[in-house]
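J.: Quick one, what's the 3D model for this:
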Amino acid sequence: MPTTIITPSQDAIVSEIQIAAPAERVFKALTDADELQRWFTGPECPVKFWKMDARVGGHYSYATQKGSIVVNGISEFECRGKILECDPPRLLVYTWIANWHDDPKSSTVVRWELTQKGSGTHVRVTHSGLSNLPVARKDYTGGWPGVVEMLKKFVEG
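T.: All right, here's what the predicted structure looks like:
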């Protein structure tokens, strides 16, 4: 079960989960476009494509087909960004520019921290820059726990 909080400043969502797999395996699932295509999707939000160039200065993008989820009137989601930090297998940080944000041009930041705990990995994802995006912040409060659960199920497979 993931734990999720909104920071007191209302700027960030933090979701954490323990995964029974080595950090290298979890990191691959976060950075390999073919793997992202397989797990970062669902019937309510079916993925069209994932592109990932997981190196500092690289870019990623993904888009979904129309699903049953609607945020800010959007049901076909598009997201893109630039890799800011990449330190395999412990850290991945990228900008997150999404067409469903209250301001679709706003750039937020997603930070994945992986910490080896015995034979497993503690995963902490922090999505910050949300203080002026109340609708998106509310959506991410429910969204990130689902994402880390999908990651866990895929990696533990």
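
J.: use CA for all of it now, contacts and neighbours both
T.: Will do.

J.: thought residue 6 was touching residue 141?
T.: Yes - using CA atoms under 8 Å, residue 6 makes contact with residue 141 at a distance of 7.3 Å.

J.: check which helix or strand covers residue 85.
T.: Secondary structure assigned from DSSP states H and E places residue 85 in strand 78-87.

J.: Common neighbours of residue 6 and residue 141, please.
T.: Overlap of the contact sets of residue 6 and residue 141 (by CA atoms under 8 Å, 6 or more residues apart in numbering) consists of residue 13.

J.: Strands of the chain, start to end?
T.: 3-6, 12-19, 47-52, 59-64, 78-87, 91-98, 108-117, 120-128 (DSSP state E).

J.: Excluding sequence neighbours, find me the nearest residue to residue 14.
T.: Residue nearest to residue 14 in three dimensions, not counting chain neighbours: residue 126, with 4.4 Å by CA to CA, 6 or more residues apart in numbering.

J.: And residue 43, by the same measure?
T.: Spatial nearest neighbour of residue 43, chain neighbours left out: residue 67 (7.0 Å); criterion: CA to CA, 6+ apart.

J.: ok, that neighbour - contacts?
T.: 43, 44, 45, 46, 75, 76.

J.: cool, and residue 13?
T.: Shown in contact with residue 13 (CA under 8 Å, 6+ apart): 4, 5, 6, 7, 126, 127, 128, 137, 140, 141, 144.

J.: Would you check that the fifth one makes contact with residue 7?
T.: No - checked against CA under 8 Å, the pair residue 126 and residue 7 is beyond contact range at 9.9 Å.

J.: who's more crowded, these two?
T.: More crowded of residue 126 and residue 7, by other CA atoms under 10 Å: residue 126, with 21 against 13.

J.: what bridges to the more buried one?
T.: residue 14, residue 111 (DSSP bridges).
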